[in-house]
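Visitor: the following comprises the amino acid sequence and a computationally predicted model.
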Amino acid sequence: MNKKLILISSLSFLALMSVLRIVNAATIPTATLDKETYLAGQTGSISVSVYNDKSEKIRVTELSATINYYYADRTIYVQKFFTGTTLPDEIPAGQTKTYQISLSLPTNIASGFTNLAIETKTDIWHTPDERWTTSDRPTYQLKLYIESPYKQLYESSQGELNEQEATNQSLSSMMSVFAATTLVFASAAAFLGFFVFARKARLAQPQP
């Protein structure tokens, strides 16, 4: 009986170790968005790094980003985006590769934060059998921020207002310069007219 228990325990331990070896075959150390904030209807991209921490090569068979978001009417929608890289793609032992995932947001997406779940599926090369075996599926969580369209309109109107104020200030400065220039020319013309008039008056006087 004890021998059977020892055998079962040993087999269970070996199975657990085998699972642990598979689970740690690959990781996603980093995933970054190309913008800090997005607007409804915008496109973007995610850079995802996949690291092979095993002594055997692995291959990426699928890489995706799943977004759970609300429409403006609060309806929940789930969409999945995939990498444009041709898969499967091999990663040598101890190496890291970076992939791009393009995303496109709906025009009526609600503003605020939403979750992005990055997931990759991998196979690992099993040298004794010379074949690929299914490995782990590492994940990574990201937060994506959708900016409010009202803020966009406000900033746009503020920009137009600032531009209009700058234009008005420029026109005001030009009018001030024009008025000053006109005053100078008018003063010069008046002085010249007075000088000419005085000279003519002297010439018109009878000589003694």
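Guide: Sure thing, it's come through. Numbers count the residues shown, from 1 in each chain.
Visitor: would you map the strands across this protein?
Guide: Using DSSP state E, the strands of the chain run over residues 26-33, 43-52, 58-70, 76-82, 89-91, 96-104, 112-126, 131-134, 139-146.
Visitor: I'd like these as a markdown table, with mean pLDDT and distance to Ala186 appended.
Guide: Every C-beta, even on glycine, is put in place using the N, C-alpha and C of the backbone. Shown next, in a markdown table, are the strands of the chain (pLDDT from 0 to 100; distance: least, Cβ to Cβ, whole Å):
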| stretch | mean pLDDT | distance to Ala186 |
| --- | --- | --- |
| strand 26-33 | 95 | 64 |
| strand 43-52 | 97 | 61 |
| strand 58-70 | 91 | 68 |
| strand 76-82 | 89 | 71 |
| strand 89-91 | 97 | 80 |
| strand 96-104 | 96 | 65 |
| strand 112-126 | 93 | 63 |
| strand 131-134 | 94 | 92 |
| strand 139-146 | 94 | 61 |
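Visitor: between these, which gets nearest to Ala179?
Guide: Ala179 lies closest, by Cβ to Cβ, to one member of these: strand 139-146, at 50.7 Å.
Visitor: show me what the closest one is packed up against.
Guide: strand 26-33, strand 58-70, strand 112-126 (3 or more Cβ pairs under 8 Å, 6 or more residues apart in numbering; DSSP states H and E).
Visitor: try it again at 6 Å.
Guide: strand 26-33, strand 112-126 (3 or more Cβ pairs under 6 Å, 6 or more residues apart in numbering; DSSP states H and E).
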